[in-house]
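Peer 1: Kindly generate the corresponding structure for this input.
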Amino acid sequence: MVSVSLKNVSGDSYSAARSFMCSVIGNETLRFYDVLISSTNLNGAEKALYRQLIAVSEMLGKASTTYPW
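Peer 2: From the prediction side, this is the model:
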């Protein structure tokens with residue numbers, strides 16, 4: 001399970017807040033890439049959906065490979 005807090009989401013506009021949330025979600029999806037893709041608990045269809053999520057995150061330029069920890 002992945003938990004994402006909305007506590008620190010802020011922005012001058014809906015667009016800015018949405019962009020921030022896309023960035024957070026994109027980073028979290030990339031964070032678990034190696035674990036999920038190699039997992040035997042996910043079937044091929046689930047892995048394909050996960051890859052699509054990663055592709056959309058990268059396409060939108062919202063995901064970063066630099067993590068804050």
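Peer 1: For burial, what's the neighbour tally of L49?
Peer 2: 11 (other Cβ atoms under 10 Å). The C-beta positions use only the backbone N, C-alpha and C, and glycine is treated the same way.
Peer 1: same question, G26
Peer 2: G26 has 21 neighbouring residues, counting by other Cβ under 10 Å.
Peer 1: Can you spell out which helices and strands pack onto the strand or helix carrying it?
Peer 2: Element membership for G26 (DSSP states H and E) is helix 14-31. In this structure, helix 14-31 makes packing contacts with helix 44-59, judged by 3 or more Cβ pairs under 8 Å, 6 or more residues apart in numbering; DSSP states H and E.
Peer 1: Show the average pLDDT along the helix it packs on.
Peer 2: In this model, helix 44-59 carries a mean pLDDT of 83.
Peer 1: buried set for the helix holding G26?
Peer 2: Buried residues in helix 14-31, counting neighbours by 16 or more other Cβ atoms under 10 Å, are found at F20, C22, S23, V24, I25, G26, N27, T29, L30.
Peer 1: now do stretch 40-50
Peer 2: Within stretch 40-50, the residues that count as buried by 16+ other Cβ under 10 Å are Y50.
Peer 1: Relative to E46, which of the buried residues of helix 14-31 is nearest.
Peer 2: The shortest approach to E46 among these belongs to T29, at 13.2 Å (Cβ to Cβ).
Peer 1: So the closest one sits against L53, correct?
Peer 2: Yes: with contact defined as Cβ atoms under 8 Å, T29 reaches L53; the gap is 5.5 Å.
Peer 1: Next one: the residue nearest in space to the middle of the chain from Q52, what distance?
Peer 2: In the chain, the centroid-proximal residue (Cα atoms, centre = their mean) is G26; its distance is 2.5 Å. G26 is 13 Å from Q52, where distance means Cβ to Cβ, to the nearest Å.
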